[in-house]
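Peer 1: This is a predicted model, with the sequence first.
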Amino acid sequence: MEQGSLGLRVETALDFDAAEAAAREALAAEGFGVLTEIDLQQTLADKLDVEIERYKILGACNPPIAHDALEVWRGFGLLMPCNVIIQEGGDHRIVMAFDPLSIEEVRDLADLLPIAERAQAALRRAMDRVEQASPAAV
């Protein structure tokens with residue numbers, strides 16, 4: 001798994017539908033539910049007549065973590081739900097999860113930091129599960 005400036009990233013040889021299913025299962029195993037789903041490929045085709053590769057955005061939420069974060073800082077709702085993307089990447093698929101520790105303000109709030117660390121750890125485990133679901137690592 002790679003960690004970028006905003007997200008946790010894995011690549012998989014699974015086809016797109018299998019990668020999406022693996023991501024959903026991995027998120028569920030970590031207590032996340034998918035609250036929103038955006039088929040960006042379809043949306044851009046419908047709204048702008050633009051073609052892009054298959055690209056989905058899942059808005060995931062772990063209710064206990066979300067509640068704890070909101071109790072510390074009501075503004076945390078700006079960062080919810082946690083976006084997870086599944087994207088075509090040529091001969092592989094890319095699955096990325098937003099890293100709550102990528103936001104400086106989150107790291108700077110002492111009471112919020114351990115909650116964000118819990119969320120990041122859960123998302124890391126979910127991304128590891130997606131990577132392990134791969135028939136072969138890319």
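Peer 2: Perfect, I can see it now. Numbering: from 1, shown residues only.
Peer 1: Mean pLDDT per helix and strand in the protein: which one sits at the bottom?
Peer 2: strand 2-3 (a mean of 65; mean pLDDT, DSSP states H and E).
Peer 1: Tabulate the CA atom coordinates of the helix or strand just after it in CSV.
Peer 2: Heading C-terminal from strand 2-3, the first helix or strand you meet, by DSSP states H and E, is strand 7-12. C-alpha atoms of strand 7-12 as CSV (Å, rounded to 0.1, in the frame of the first residue of the first chain):
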residue,chain,number,x,y,z
GLY,A,7,-5.0,9.1,0.5
LEU,A,8,-4.1,5.5,1.1
ARG,A,9,-3.6,3.7,-2.3
VAL,A,10,-3.5,0.2,-3.5
GLU,A,11,-3.5,-1.3,-7.0
THR,A,12,-5.2,-4.6,-7.8
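Peer 1: residues in contact with the helix or strand just after strand 7-12?
Peer 2: For strand 7-12, the following helix or strand on the C-terminal side (DSSP H and E) is helix 16-29. Under the criterion Cβ atoms under 8 Å, 6 or more residues apart in numbering, residues 12, 14, 33-34, 54, 56, 58, 60, 84, 86, 88, 93, 95, 125-130, 133 lie in contact with helix 16-29. For glycine as for every other residue, the C-beta is placed from the backbone atoms N, C-alpha and C.
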